[in-house]
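Asks: Got a predicted structure here, sequence first:
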Amino acid sequence: MKNAPASSTSETLPVEEATRLVASLQSELVGVNAKIASLEETIANLAHENQLLKRRLFGNKTERSHTSETQLALGDLLAAEVRLQKELDAAIAQAKKDAGGGAERPNGAGERPKPKGRRDLLASKLPRFTMEILDEELEAKEGYRRIGFDDSGQLMFRRGGFMVLVKRVARYEKVEGGTTTAVTVPTPVTLFPRGLLHTSTVAHLMVSKFGLGVPHYRLERDLADQGVPLDRGTMSRYMEQAGNTLGATVVHAMWADAIANAQVISTDATGALIQPAKDKKDGRAEACKKGHFFTAVVDSDAALFAYVEHHSSESVKGLFGDFRGYLQADASNVYDVLERGPPTDKDDECVTLVGCFAHLRRYFFEAAICRYPIGLQGLMRIRAIYAADQAVGGAPAAERPALREQHVRPLVASFFDWARGARQSAQGRNLATKALGYAANQEAELLRVLDDVNLPLDNTRSERELRKIVVGRKAWMFYGSDTHAEAAAAIFSVIASCRLHRLDPFAYLDEVLRVLPHWPRHRYLELAPKNWAATRARLRPEELAAPLSAFEIPAEAPHAVGPPSCRDGVAPSAAKHASGRRATCGPCSAYDPHRRRRSRPTARRRGEGGETTRSRLTDRSRRVFWQTRRDGWRSRFHRSKACRVERSV
């Protein structure tokens, strides 16, 4: 019994060793707890990512947050959210009241009128086929006389079909001095001399594929059903020739005019597969490479597309390096090259990057779907900004700047104040902190939408135009080569600009392709969709109506007169116009002495000493970019049959 305490004492650890053991276990416990927390955060993020992917696959793809969806995400709204919603509703109501009760927005963008019963087809301007339904017995029966008809209409379709244009060129025989000489009447100059297809057929194929998204193999089957055996290879060759011709002429002039004179350009980009050339050694085809299409919605004048091989800063600099207005784009870092570089002349303006509230809203929408209260609060605030801006848009043009400052700017400032405070209290890496981080990083660009009342809150209009590329990508999967992609970009530009100005793309392309060989090279901008109505009014109707005609070119409009140094074609890259603006490239039709950009506050990044900074890329690199693009268009244009047409002008 006396030995027991001694044994117990010998098994007890020393105090110092026990203290070290406890500290080691506590440190290990802290590490395990941190690892568990990190794993739990990873699991939660993966679960949210899986939820978003499932929604994109099986759910509604629109970013609309309905009341039922909000309740499903967060249950009953908290008292703070209820108070916030009441405050935002009051601000929106005040904005509508000051803007005149939410009057209809310009360009007919107000609320859609409610349908009023069935459409009256008898009041339409469509051609009519009248069929009288009679009763032979009553017509012949005595005692009956017809007193009238009950008219009703149905929409009927009849395939117009193709026709053959027979060109009968007269031949004459001249007898003089015993010798006989045959004389043939010269035919009018056309874009496709001795070609199989008329410009109307080419226009039909262009609109069918690039306007409606119908690939050539489907068109081939449809034409075969109509008795027109036209293979897809022939269609592709005509699309390449017509597209590159438009790209070297009308579309090139539209791009030059946009870079020189536009105030706001909304841009976005998407990828597309390009079929590579076969290997010269073994003849095997390689895997498709990826190219990129940029879209540029220019004010309300045009919707342009450009194909580039790489989605890089070099491509962006080549496209928009000489632009001096507002460029609205997403937060991709390829656009940063436009605002950085060594100091240059203080008087030399640079492009101003503007953010997009739609991209910002997308982050908060994803956070709200995954039940983050920050996501819901952000959506509520952004929705109020859009509602107030829409109400201000219905006011008279002279009152919009003041109303936007009074109603929209306070809501935007309140949103960023809330985002900064929420970011300080938010923890972890999740969808909520990701949304707050995007708001913090893009705050300067997003605030610039308030610099000019003509700036929209987002660049969704460029995304809508870019959808044409996406739909076509699903239909025909890839483009045959870089040349075909450039031709497609030119055709997309023409058709989208026609839609913007409510022109019939088929009628426009048919007429422009017939007029183009006769048109002076320095006046291609007059053939752009925005100017086509005025140009067409100065042409003879009988020449436009004839499928084959020699056009009498009207005198140049006063507003299209350029400097004398450019009258013979493309302006030298170092030439300067009378306004002092450098002619970077393209026809001098890009120069418009009667058009001036509106004054705007200059938003430029400053370097040391307050000097303006610009890109390290030189002006020469931008000129080389456009020179290469223009020369590529023209080389393909001159290799085609249209070479004779261009040389004859």
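Replies: Structure's in. What do you need? None of these values were measured; they are calculated from a predicted model.
Asks: helix or strand for the closest residue to Leu450 other than its chain neighbours, which one?
Replies: Using C-beta to C-beta, 6 or more residues apart in numbering and skipping the chain neighbours, the partner closest in space to Leu450 is Arg409 (5.5 Å). (C-beta placed from N, C-alpha, C; glycine too.) For Arg409, the host element (DSSP states H and E) is helix 409-425.
Asks: can you check Ala303 too?
Replies: Judged by DSSP H and E, Ala303 forms part of strand 302-308.
Asks: contacting residues around the residue positioned nearest the centre of the chain?
Replies: Nearest to the geometric centre of the chain sits Ser462, at 3.0 Å (C-alpha atoms, centre = their mean). With contacts defined as C-beta atoms under 8 Å, 6 or more residues apart in numbering, the neighbours of Ser462 are 266-268, 295-297, 328.
Asks: and the longest helix out of those in the chain, what does it pack onto?
Replies: If you go by DSSP state H, the chain has its longest helix at helix 15-58. For helix 15-58, the elements it packs on are helix 357-369, judged by 3 or more C-beta pairs under 8 Å, 6 or more residues apart in numbering; DSSP states H and E.
Asks: What is the burial count for the residue nearest to Leu450?
Replies: Residues contacting Arg409 under the criterion other C-beta atoms under 10 Å number 14.
Asks: What of Ala140?
Replies: Count around Ala140 with other C-beta under 10 Å applied: 8.
Asks: Return the alpha-carbon coordinates of whichever strand or helix holds Gln241 using PDB.
Replies: If you go by DSSP H and E, Gln241 is part of helix 232-246. The C-alpha trace of helix 232-246 is given here as PDB (Å, rounded to 0.1, in the frame of the first residue of the first chain):
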ATOM      1  CA  ARG A 232     -22.900  24.600-101.400                       C
ATOM      2  CA  GLY A 233     -19.400  25.100-102.900                       C
ATOM      3  CA  THR A 234     -20.700  27.600-105.400                       C
ATOM      4  CA  MET A 235     -22.600  29.400-102.600                       C
ATOM      5  CA  SER A 236     -19.400  29.600-100.500                       C
ATOM      6  CA  ARG A 237     -17.400  31.100-103.300                       C
ATOM      7  CA  TYR A 238     -20.000  33.800-104.000                       C
ATOM      8  CA  MET A 239     -20.300  34.600-100.200                       C
ATOM      9  CA  GLU A 240     -16.500  35.000-100.000                       C
ATOM     10  CA  GLN A 241     -16.300  37.200-103.000                       C
ATOM     11  CA  ALA A 242     -19.300  39.400-102.200                       C
ATOM     12  CA  GLY A 243     -18.300  39.600 -98.500                       C
ATOM     13  CA  ASN A 244     -14.700  40.600 -99.200                       C
ATOM     14  CA  THR A 245     -15.900  43.100-101.800                       C
ATOM     15  CA  LEU A 246     -18.300  44.800 -99.200                       C
END
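Asks: Pull the residues that contact it.
Replies: By C-beta under 8 Å, 6+ apart, the list of residues contacting helix 232-246 reads 191-192, 195-197, 202, 205-206, 209, 216-217, 219-220, 480, 483-484, 486-491, 493-494, 513, 516, 633, 636-637, 640-642.
Asks: about what we covered before: give me the residues contacting the helix or strand following the helix holding Arg409.
Replies: Later in the chain than helix 409-425, the nearest helix or strand by DSSP H and E is helix 431-441. By C-beta under 8 Å, 6+ apart, the surrounding residues in contact with helix 431-441 are 45, 48, 331, 359-360, 363-364, 366-367, 370, 372, 374-375, 378, 415-416, 419-420, 422-423, 426-427, 446.
Asks: Would you list the buried entries among the residues you listed?
Replies: In those, burial by neighbour count holds for 45, 48, 331, 359-360, 363-364, 366-367, 370, 372, 374-375, 378, 415, 419, 422-423, 426, 446, counting by 16 or more other C-beta atoms under 10 Å.
Asks: Let me see the domain layout of this protein.
Replies: For the chain, the structural domains run 69-101+356-450, 199-278+465-648, going by automatic domain parsing.
Asks: List the contacts of Ala262.
Replies: Counting by C-beta under 8 Å, 6+ apart, Ala262 has contacts 298-299, 301, 323, 325, 597.
Asks: how about a cut-off of 10 Å?
Replies: The contact partners of Ala262, taken as C-beta atoms under 10 Å, 6 or more residues apart in numbering, are 296-299, 301-302, 323-327, 597.
Asks: Let me see the residues that make contact with the helix holding Arg409.
Replies: Contacting residues not belonging to helix 409-425 are listed as 84, 87-88, 91-92, 95, 357, 360, 364, 373-374, 377-378, 380-382, 384-389, 404, 426, 432-433, 435-440, 443, 446-447, 449-450, 457 [C-beta under 10 Å, 6+ apart].
Asks: Now for Asp504: which residues touch it?
Replies: By C-beta under 10 Å, 6+ apart, Asp504 lies in contact with 203, 207, 498, 510-511.
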